[in-house]
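Peer 1: Mind folding the following:
(one chain, ligands or ions: 1)
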Amino acid sequence: MEMGKSRVLIVGGSGYIGRRIVKASLAQGHETYILYRREIGVDIEKLQILLSFKAQGARLIEGSFSDHRSLVNAIKQVDVVICTISGVHIRSHHILLQLKLVEAIKEAGNIKRFLPSEFGTDPAQMANAMEPGRVTFDDKMTVRKAIEDAKIPFTYVSANCFAGYFGAGLCQPGSIVPSRESVCLLGDGNAKAIFVDEDDIGTYTIKAIDDPRTLNKTLYLRPLENILSQRDVIRIWEKLIGKELEKSTISAEEFLTMMKGQDYAQQVGLIHYYHVCYDGCLTNFEIGDEGEEASKLYPEVNYTRMDEYLKRYL
Ligand SMILES: NC(=O)c1ccc[n+]([C@@H]2O[C@H](COP(=O)([O-])OP(=O)(O)OC[C@H]3O[C@@H](n4cnc5c(N)ncnc54)[C@H](OP(=O)(O)O)[C@@H]3O)[C@@H](O)[C@H]2O)c1
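Peer 2: As a prediction, the model looks like this:
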């Protein structure tokens, strides 16, 4: 542990992005705490992840969202709280749980920075997003309002597309492995998205927590060489496999019709692909005074380019 570095509590530390954030926190020398939720019960895989972090120096603090006191006690031991709880599988809970966390942080009164579970599209840019998927953006905005009303110092991390979902699936919903035969273009496939390696999300997030430049701001992860269209990502993959894929296209109208036939949870997921790949919602705005761009603030981070990322699928 290094002097002068904040002590960090990660809530949701065994999750997909939470794990990367714990890893980065340990790597950057922070005293790292993870909430060990009683509710995980006999989920032995989760426990193994937590134990492996403990072996690397993290401290597990037992607690539960249904025990306010346990949250306050956990929070009192640290300077920074990062929440990485799921936004997809527990949507109805997501907002409620985060509001509980905000309440506990407010009561504890010692937190220098709170990072709520965002890590995607900036919800502040999504006022015109479509139903029913917009619920994820609306929920995140409700949590932001609670944080700001409580005057809790914050940083919102807009991580854009996790490379493992959008990049590896060549921007095709329901696909997380790049195909070697064919690919379906969403519209003309030219809307620019932004792909970020999950470990880099962890690295940038932890760099931001003690940085005065990111206080009460949104940190956008926009590494320049990873601002790519679906066609760009496909070209990178084609070069790696030395072969051109067969291409078909789904128009915006066809996509929306297909989406309406899906169940609620799937529609909520699909709407992200729609706004990213047809509207270019990640890149159709400039970062204003309320934001900072991570690769500019931290040029020392040698972020993973998509050719390097996709090599693991060869
Ligand atoms: N930009 C993108 O492409 C993208 C993609 C996916 C997700 N995201 C965003 O990233 C954030 C994290 O998502 P994720 O995919 O990493 O999540 P995840 O792996 O599905 O879950 C993260 C954690 O949520 C906690 N959790 C789940 N159910 C819970 C419950 N009932 N009560 C309390 N805690 C519960 C668990 O914490 P424990 O570790 O304590 O068990 C779990 O490890 C979300 O805000 C999501 O919107 C962005």
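Peer 1: Looks to me like Q267 is in a helix.
Peer 2: Yes: counting by DSSP: H, G, I helix; E, B strand; the rest coil, Q267 is part of a helix.
Peer 1: Whichever residue of the stretch 151-300 of the chain sits closest to the ligand - nearest residue in space that isn't next to it in sequence?
Peer 2: For the stretch 151-300 of the chain, the residue closest to the ligand is F162, as judged by C-beta to the nearest ligand atom, at 3.6 Å. C-beta coordinates here come from the backbone N, C-alpha and C atoms, glycine included. Nearest residue to F162, sequence neighbours excluded (C-beta to C-beta, 6 or more residues apart in numbering): E198, at 5.7 Å.
Peer 1: List the contacts of E225.
Peer 2: 303, 305 (C-beta atoms under 8 Å, 6 or more residues apart in numbering).
Peer 1: Now do the helices in the stretch 151-300 of the chain.
Peer 2: 198-208, 230-241, 252-260, 264-277, 294-297 (DSSP state H, counting those that start in this stretch).
Peer 1: As a markdown table, the ones you listed with mean neighbour count would be great.
Peer 2: Shown next, in a markdown table, are the helices of the stretch 151-300 of the chain (neighbours: other C-beta atoms under 10 Å):
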| stretch | mean neighbour count |
| --- | --- |
| helix 198-208 | 24 |
| helix 230-241 | 19 |
| helix 252-260 | 13 |
| helix 264-277 | 20 |
| helix 294-297 | 18 |
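Peer 1: circling back: who are the contact partners of the residue nearest to F162?
Peer 2: Here E198 is in contact with 16-17, 20, 162-164 (criterion: C-beta under 8 Å, 6+ apart).
Peer 1: same thing with A24?
Peer 2: 199, 202-203, 205-206.
Peer 1: rerun that using 7 Å as the cut-off
Peer 2: Contact analysis of A24 by C-beta atoms under 7 Å, 6 or more residues apart in numbering lists 202-203, 205-206.
Peer 1: What is the most widely separated pair among those residues?
Peer 2: T203 and T205 (7.3 Å; C-beta to C-beta).
Peer 1: in what helix or strand does Y33 lie?
Peer 2: Using DSSP states H and E, Y33 falls within strand 32-37.
Peer 1: number of nearby residues for A127?
Peer 2: A total of 10 residues lie near A127 under the criterion other C-beta atoms under 10 Å.
Peer 1: I'd like the secondary structure assignment at it, please.
Peer 2: coil.
Peer 1: which phi and psi does it have?
Peer 2: Taking degrees, to the nearest 10, you get phi -60, psi -30 for the backbone angles of A127.
Peer 1: so what secondary structure elements neighbour the top helix by length along the chain?
Peer 2: Taking DSSP state H as the criterion, the chain has its longest helix at helix 91-108. If contacts are counted by 3 or more C-beta pairs under 7 Å, 6 or more residues apart in numbering; DSSP states H and E, helix 91-108 sits against helix 68-75, strand 80-83, helix 135-149.
Peer 1: can you list contacts of the shortest one?
Peer 2: Under the criterion C-beta under 7 Å, 6+ apart, residues 6, 8-12, 21, 75, 98, 101, 105, 111-117, 205, 209 lie in contact with strand 80-83.
Peer 1: These in helices, which ones?
Peer 2: Among the contacts of strand 80-83, DSSP H puts 21, 75, 98, 101, 105, 205 in helices.
Peer 1: With the ligand as the reference, measure out to L97.
Peer 2: The spacing between L97 and the ligand, counted by C-beta to the nearest ligand atom, to the nearest Å, is 5 Å.
Peer 1: Run through the residues of the stretch 151-300 of the chain sitting next to the ligand.
Peer 2: Contact residues, the stretch 151-300 of the chain versus the ligand (C-beta under 6 Å from any ligand atom): 159, 161-162, 165.
Peer 1: Apply 5 Å and report the result again.
Peer 2: 161-162 (C-beta under 5 Å from any ligand atom).
Peer 1: quick revisit: tilt between the very next helix or strand once past the strand holding Y33 and strand 32-37?
Peer 2: Downstream of strand 32-37, the next assigned helix or strand under DSSP H and E is helix 44-55. Helix 44-55 runs at 150 degrees relative to strand 32-37, counting by axes from the mean of the first three to the mean of the last three C-alpha atoms, to 10 degrees.
Peer 1: Would you mind identifying the next helix or strand past helix 44-55?
Peer 2: Immediately after helix 44-55, counting by DSSP H and E, sits strand 59-63.
Peer 1: what's the distance between the most centrally placed residue in the chain and R69?
Peer 2: In the chain, the centroid-proximal residue (C-alpha atoms, centre = their mean) is F119; its distance is 2.6 Å. In this view, F119 and R69 are 28 Å apart by C-beta to C-beta, to the nearest Å.
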